[in-house]
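>>> Sharing a model prediction with you, sequence too.
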Amino acid sequence: MSEQDILEEISKKLSVLISLELQRDGTKAVQEHVMHLSRFGLTTGEVANILNTTAGTVAVAKSRVKRKTGGK
């Protein structure tokens, strides 16, 4: 197994752990999860993968939060 394969496997497992942790706290809206994950520097695609949704859904959630907060 190459170093790249190992890193990809670690990344997949971390995504699963993050997803499970977010599901455990079912009280938060998807928009909140999107913003928390985005603050960690994850791309729209990565956030979508973790939340088991599409990149478009993540982009819309980001846009709605920006609109609510006045672009902050």
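Done, it's in.
>>> Name the residues that touch the longest helix along the chain?
In the chain, assigned by DSSP state H, the helix with the most residues is helix 3-24. Helix 3-24 is contacted by residues M1, K28, H33, L37, E46, N49, I50, L51, N52 when judged by Cβ atoms under 8 Å, 6 or more residues apart in numbering. (Each C-beta comes from the backbone N, C-alpha and C, glycine too.)
>>> Tell me the confidence at the third one?
Just to be clear, that refers to H33. Per-residue confidence (pLDDT) for H33: 85.
>>> next structured bit after the host helix or strand of it?
Applying DSSP states H and E as the criterion places H33 in helix 30-39. Next in sequence after helix 30-39, counting helices and strands by DSSP H and E, comes helix 44-51.
>>> How about that next one, which residues are buried there?
For helix 44-51, the buried set under the neighbour-count rule, 16 or more other Cβ atoms under 10 Å, comprises T44, E46, V47, A48, N49, I50, L51.
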